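> here's a sequence, model it:
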Amino acid sequence: MSTPETAGFVRLRVELVLQIDDAEAVTRAAQRRISEDGDMPAEERVHAESTVTEDTAEALAYLVDPFDLVSDVPGIELQQASWSSEQVDYDPDSPDWDLDEDDVDDEEEEERVG
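Predicted coordinates for the structure are as follows:
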């Protein structure tokens with residue numbers, strides 16, 4: 001039973017803003033994850049350890065894996081994933097952080113503007 005509404009590919013967009021209460025704990029956890037990764041080449045390991053030590057956002061990126069979000073969902077297979085993290089100035093009361101503004105498709109936005 002395959003219909004256009006249920007078959008094919010779906011892009012799932014997720015945006016999270018996290019408060020880091022213990023940067024050292026995040027860094028240690030990322031370092032532990034890197035050291036336990038037996039498939040990581042030594043040169044990449046040295047670079048990764050340096051990166052997570054210098055930047056808590058990068059350490060968090062090593063700890064968060066989109067595959068973990070969907071690995072137990074029946075009927076799907078993850079085809080592609082990308083993610084990044086960055087330090088941000090967050091003000092939950094600012095209209096700049098209105099999560100509903102992304103509900104408009106790019107095509108709909110172009111139609112409204114153009």
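> show me the shaky parts of the chain.
Within the chain, the segments meeting pLDDT under 70 span 1-7, 99-114.
> now do the residue most central in space within it against residue 15, distance only.
Most central in the chain under CA atoms, centre = their mean is residue 83, positioned 3.7 Å from the mean C-alpha point. Note on residue 83: its distance to residue 15, by CB to CB, to the nearest Å, is 10 Å. Backbone N, C-alpha and C define where each C-beta goes, glycine included.
> OK, contacts around the residue nearest to the residue nearest to the centre of the chain when sequence neighbours are not counted?
Leaving out its chain neighbours, the residue that sits closest to residue 83 by CB to CB, 6 or more residues apart in numbering is residue 66, at 5.7 Å. Contacts for residue 66 (CB atoms under 8 Å, 6 or more residues apart in numbering) come out as 14, 78, 81-83.
> now swap in residue 19 and tell me
Contact partners of residue 19, counting by CB under 8 Å, 6+ apart, are residue 90.
> ok, now residue 61?
Here residue 61 is in contact with 83-85 (CB under 8 Å, 6+ apart).
> now stretch 16-32 - C-alpha only, PDB.
C-alpha atoms of stretch 16-32 as PDB (Å, rounded to 0.1, in the frame of the first residue of the first chain):
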ATOM      1  CA  LEU A  16      17.400  22.700  19.300                       C
ATOM      2  CA  VAL A  17      18.700  25.400  21.600                       C
ATOM      3  CA  LEU A  18      20.500  23.800  24.500                       C
ATOM      4  CA  GLN A  19      21.800  25.500  27.700                       C
ATOM      5  CA  ILE A  20      25.200  24.200  28.700                       C
ATOM      6  CA  ASP A  21      25.400  24.100  32.500                       C
ATOM      7  CA  ASP A  22      28.700  22.200  32.600                       C
ATOM      8  CA  ALA A  23      31.000  22.700  29.600                       C
ATOM      9  CA  GLU A  24      33.700  20.500  31.200                       C
ATOM     10  CA  ALA A  25      31.300  17.600  31.500                       C
ATOM     11  CA  VAL A  26      30.300  18.000  27.800                       C
ATOM     12  CA  THR A  27      34.000  18.100  26.800                       C
ATOM     13  CA  ARG A  28      34.900  15.100  28.800                       C
ATOM     14  CA  ALA A  29      32.000  13.100  27.400                       C
ATOM     15  CA  ALA A  30      33.000  14.000  23.800                       C
ATOM     16  CA  GLN A  31      36.600  13.100  24.500                       C
ATOM     17  CA  ARG A  32      35.400   9.700  25.900                       C
END
